[in-house]
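[1] Pasting a predicted model and its sequence here:
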Amino acid sequence: MITQQQADFYRENGYLLVKGVFNKEEIEQMRIATDAIIERAAKSKFDQSSTWQGDYLPPEQLKKLVLKGFHDVHYHDAVFTRALCHPNMAAILTKLIGPNVQVHHSKMLVKPPENGAAFPMHQDHPYFPHANHSMLAASIHMDDSDMENGCLCVIPKTHLEGPIPHVGSHYLNHKEYPISMGTPCPASAGDVLFFNYLTIHGSDVNRSKRPRRNVLVQYRDPEDPPTEDVHVNWGQGLMVCGHNPTFKEYKGAH
């Protein structure tokens, strides 16, 4: 699915956009599932906006923004279980991580039209630090994405700098790391952006009349141990490629 040259680009720059990983039918199934999850959540007591709080935007602008973010979407619809284990995904992941690849978690990120919230620049590392930094994110695009509707932006090669102190462990100083520093990664529906969890990334507000629907899956090498007991869920550890060299008993959360 990708060439050695593309894999080398990822290792050098900390990100890689792969075109056409999913076909139109697969993406449409994900869109339908996403809309249904949002509808079910709205009827439950668990619905919420996941807009990041902070001083990166004026308060009056911040309170108008919405971000629908739900973790572990593959627990809510089997279409996402098929997506995160898709043969095309597996072929790419083995080139970027190695022969053994494990799911850490998944989440849905939906920026609604005209008021979809921004993500200030940050690394994912503070949320779930690992010893060998094999962790990467795969952002599956269900819609065409550009700067107008808040596409992802990355700062190439920042994964080589290691962990950087964050403001309140959430995001980087927005004056030192504005979104304008990033390289925009516009994508089409069906494309997947892969980036290391140390690569600085973020996205601007959705100012368009189009939604920006993404599902993000975090993957790791099963032999890369977490350095903190954080961000643990009961379904963590699903093997996507290869095998788990370390035998252990997995138990559900209490």
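    Noted; the coordinates are in hand. Residues are numbered from 1 along each chain as shown.
[2] first to last residue in stretch 223-232, what's the distance?
    In stretch 223-232, first residue to last residue: 16 Å (C-alpha to C-alpha, to the nearest Å).
[3] Please point out which parts of it sit buried.
    Neighbour counts over stretch 223-232 (16 or more other C-beta atoms under 10 Å) mark 224, 226 as buried. From N, CA and C alone the C-beta is placed, and that goes for glycine too.
[4] Against which helices or strands is the lengthiest strand in the chain packed?
    Secondary structure of the chain per DSSP state E: the longest strand is strand 101-111. Other elements packing on strand 101-111 under the criterion 3 or more C-beta pairs under 8 Å, 6 or more residues apart in numbering; DSSP states H and E are helix 24-42, strand 68-71, helix 78-84, helix 87-96, strand 212-220, strand 239-241.
[5] Helix or strand next in line after it, which one?
    Heading C-terminal from strand 101-111, the first helix or strand you meet, by DSSP states H and E, is strand 119-122.
[6] average pLDDT across that next one?
    Mean pLDDT, computed over strand 119-122, is 87.
[7] now do stretch 224-243
    90.
[8] any idea which residue sits dead centre in the chain?
    Closest to where the C-alpha atoms of the chain average out (C-alpha atoms, centre = their mean) is residue 216, at 3.3 Å.
[9] give me the element the closest residue in space to that residue that isn't next to it in sequence is part of.
    Once flanking residues are discounted, residue 216 sits nearest to residue 139: 4.9 Å by C-beta to C-beta, 6 or more residues apart in numbering. Assigning secondary structure by DSSP H and E places residue 139 in strand 136-141.
[10] picking that back up, could you say which of the helices and strands packed on strand 101-111 is packed most deeply?
    With neighbours taken as mean count of other C-beta atoms under 10 Å, the helices and strands packed on strand 101-111 reach their highest mean count in strand 212-220, at a mean of 24.
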